[in-house]
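Asks: please find the sequence and the predicted model below.
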Amino acid sequence: MTFRGIPLAPGRAGGETHLVDDPLDWGGLPDSEVVIVLPAVWWPAPAEDLVGVRAVVLEGSPLVGGTPPGMPVIAGFDRDLFREGERMEVDGDRGELTLQGISEHPVVTAFLRRDDGKILLLRRSGRVGSFQGRWAAVSGFLEDPTPIAQAYREISEETGIGRNELSLEVEGRTVYARSGQEVYIVHPFLFRVGTTDVRIDWEHTAFEWVDPSEIRSRATVPKLDRAWDAVGAGSAPKG
């Protein structure tokens, strides 16, 4: 599976993934050539710390430049996308990386926000195929031709709220959520909703209107907080 990020230095290379945990100790690299993953705030690195390194993947984006010649560097990823020792191919020209043996599942996540700023969370039932009992926004696998069409469809099916009660406010950037050897490609949306009359279907057992800050304190589906960040950051309710 291929993931898109931010290209910082050109070139192509591959190797085993090595997650750097200590900014003062980049040692202990395997004998084989590796692709290192580290926080962007630790970059750039001294040349002596890059012995055996074929490519660099940064979590987030660096504050300053500086890249060694001939080594591809890309940025803009979350650390929990990677596993130690996993084979990775990096394309610094396109800002892409490829992980082998990963299955991908495109999904939509739609946040509904009412006038007071609270958003709708739904608790998944035991009858769904994954993440039973977790809290989520309105969500579903991508089956319709476009993510936005799927979002409207899921909202209608899961809440009973029609399109005439919805106003699209934000379509956020894609979020990657990994669970084992599966990655969910999340297309997040934020809608302003003109009604609070919710009728949940069999996929859920409960719903609540909550402050967005509660997302991080609940047991949610993977990366629900990041999906909210992708649509909610800098977006205030309209009076």
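Replies: Arrived safely, thanks for sending.
Asks: scan this protein for its longest helix.
Replies: helix 147-159 (DSSP state H).
Asks: ok, and what's touching that helix?
Replies: Under the criterion C-beta atoms under 8 Å, 6 or more residues apart in numbering, residues 106, 108, 110, 112, 120, 122, 138-140, 142-144, 161-163, 166, 168, 171, 187, 189, 191, 198-201, 203-204, 207 lie in contact with helix 147-159. Heads up, the C-betas are built off the backbone N, CA and C, glycines and all.
Asks: and that helix, what's its mean pLDDT?
Replies: Helix 147-159 carries an average pLDDT of 96.
Asks: equivalent analysis for stretch 230-239, please.
Replies: On average, stretch 230-239 scores 67.
Asks: where does pLDDT dip in the chain?
Replies: Residues of the chain that meet the criterion pLDDT under 70 lie in 26-32, 63-69, 233-239.
Asks: find the residue at the geometric middle of it.
Replies: The structure's the chain has its C-alpha centroid closest to residue 175; by C-alpha atoms, centre = their mean the separation is 2.6 Å.
Asks: got the contact list for it?
Replies: When contacts are counted by C-beta under 8 Å, 6+ apart, residue 175 is found next to 186, 188, 223, 226-227, 230.
Asks: can you flag which of the residues you listed belong to helices?
Replies: Among the contacts of residue 175, the residues falling in helices (DSSP H) are 226-227, 230.
Asks: using the three-state scheme, assign the residue lying farthest from the centre of the chain.
Replies: Most distant from the centre of the chain: residue 48, at 32.6 Å, with distances by C-alpha atoms, centre = their mean. Put simply, residue 48 is helix when judged by DSSP: H, G, I helix; E, B strand; the rest coil.
Asks: from residue 19, how far off is it?
Replies: Between residue 48 and residue 19 the computed distance is 20 Å (C-beta to C-beta, to the nearest Å).
Asks: can you list the domain ranges for the chain.
Replies: Under the assignment automatic domain parsing, the domains of the chain span 2-99, 103-232.
Asks: neighbour-wise, which one of the ones in helices among the contacts of residue 175 leads?
Replies: Looking at those with neighbours defined as other C-beta atoms under 10 Å, the largest count falls to residue 227 at 32 neighbours.
Asks: got the contact list for the nearest residue to it once chain neighbours are set aside?
Replies: Take residue 227 and drop its neighbours on the chain: the residue closest to it by C-beta to C-beta, 6 or more residues apart in numbering is residue 188, 4.2 Å away. With C-beta under 8 Å, 6+ apart as the criterion, the residues that contact residue 188 are 108-111, 171-173, 175, 227-228, 230-231.
Asks: closest to residue 52 out of these?
Replies: Using C-beta to C-beta, residue 175 is the member of those that sits closest to residue 52, with 31.9 Å.
Asks: what is the burial count for residue 164?
Replies: Using other C-beta under 10 Å, the number of residues around residue 164 comes to 8.
Asks: would it count as being in a helix?
Replies: Yes. When classified by three-state DSSP, residue 164 is found to be part of a helix.
Asks: any idea how far residue 7 is from the residue nearest to residue 227?
Replies: If you measure residue 188 against residue 7 using C-beta to C-beta, the figure is 24 Å.
Asks: just residue 134 next, same as before
Replies: Counting by C-beta to C-beta - residue 134 and residue 7 are separated by 35 Å.
Asks: returning to what we had before: just send the contacts of residue 175 back as CSV, with distance to residue 83 too.
Replies: Output for those, formatted as CSV (distance: C-beta to C-beta, whole Å):
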residue, distance to residue 83
186, 19
188, 24
223, 16
226, 18
227, 22
230, 23
